[in-house]
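1. Sequence first, then the predicted structure:
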Amino acid sequence: MASSAPSPGYSITLRVAVNAAAGSTTDLASAIAATGAAVTALDIVGSSHDQIVVDVTYNTIDDQHAERIAEALNARPGTQVRKVSD
């Protein structure tokens, strides 16, 4: 039986580029949390005047949940998933 709670067994790290703006990393973490995932780390790995690159790690329910999150983030304006690691 599949669990409905996020699990460290399904921990994912995404490298995501977002527009550089006040609150952009907060918005990113909130968008992930809104899907039911548990954000466990958020690291800024690069920034410029127009873009911030973030490694965000979170626990998901299963592989399909992780895929849905990456797809949802890519659909957000000003957001680009660059890499997925598990």
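-> Arrived safely.

2. can you give me the strands in the protein?
-> For the chain, the strands defined by DSSP state E cover 7-19, 38-47, 51-60, 79-85.

3. Quick check: which of these is buried the most?
-> strand 51-60 (a mean of 20; mean count of other CB atoms under 10 Å). Bear in mind the C-beta positions are built from the backbone N, C-alpha and C, glycine included.

4. That one pairs with which strands, parallel or anti?
-> strand 7-19 (antiparallel), strand 38-47 (antiparallel) (DSSP bridges).

5. Kindly export the first one (C-alpha atoms) in PDB.
-> Provided in PDB are the C-alpha atoms of strand 7-19 (Å, rounded to 0.1, in the frame of the first residue of the first chain):
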ATOM      1  CA  SER A   7       9.100  10.100   2.700                       C
ATOM      2  CA  PRO A   8      12.900  10.500   2.700                       C
ATOM      3  CA  GLY A   9      12.900   7.400   0.600                       C
ATOM      4  CA  TYR A  10      11.700   9.600  -2.200                       C
ATOM      5  CA  SER A  11      14.000  12.500  -1.700                       C
ATOM      6  CA  ILE A  12      14.600  14.600  -4.900                       C
ATOM      7  CA  THR A  13      16.900  17.500  -5.600                       C
ATOM      8  CA  LEU A  14      16.000  19.900  -8.400                       C
ATOM      9  CA  ARG A  15      18.300  22.600  -9.800                       C
ATOM     10  CA  VAL A  16      15.900  25.400 -10.700                       C
ATOM     11  CA  ALA A  17      16.400  28.800 -12.300                       C
ATOM     12  CA  VAL A  18      14.000  31.500 -11.300                       C
ATOM     13  CA  ASN A  19      13.700  35.200 -12.200                       C
END
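
6. what's whichever helix in the chain runs longest packed up against?
-> Identified as the longest helix of the chain according to DSSP state H is helix 63-75. On a contact count with 3 or more CB pairs under 8 Å, 6 or more residues apart in numbering; DSSP states H and E, helix 63-75 meets strand 7-19, helix 24-33, strand 51-60, strand 79-85.
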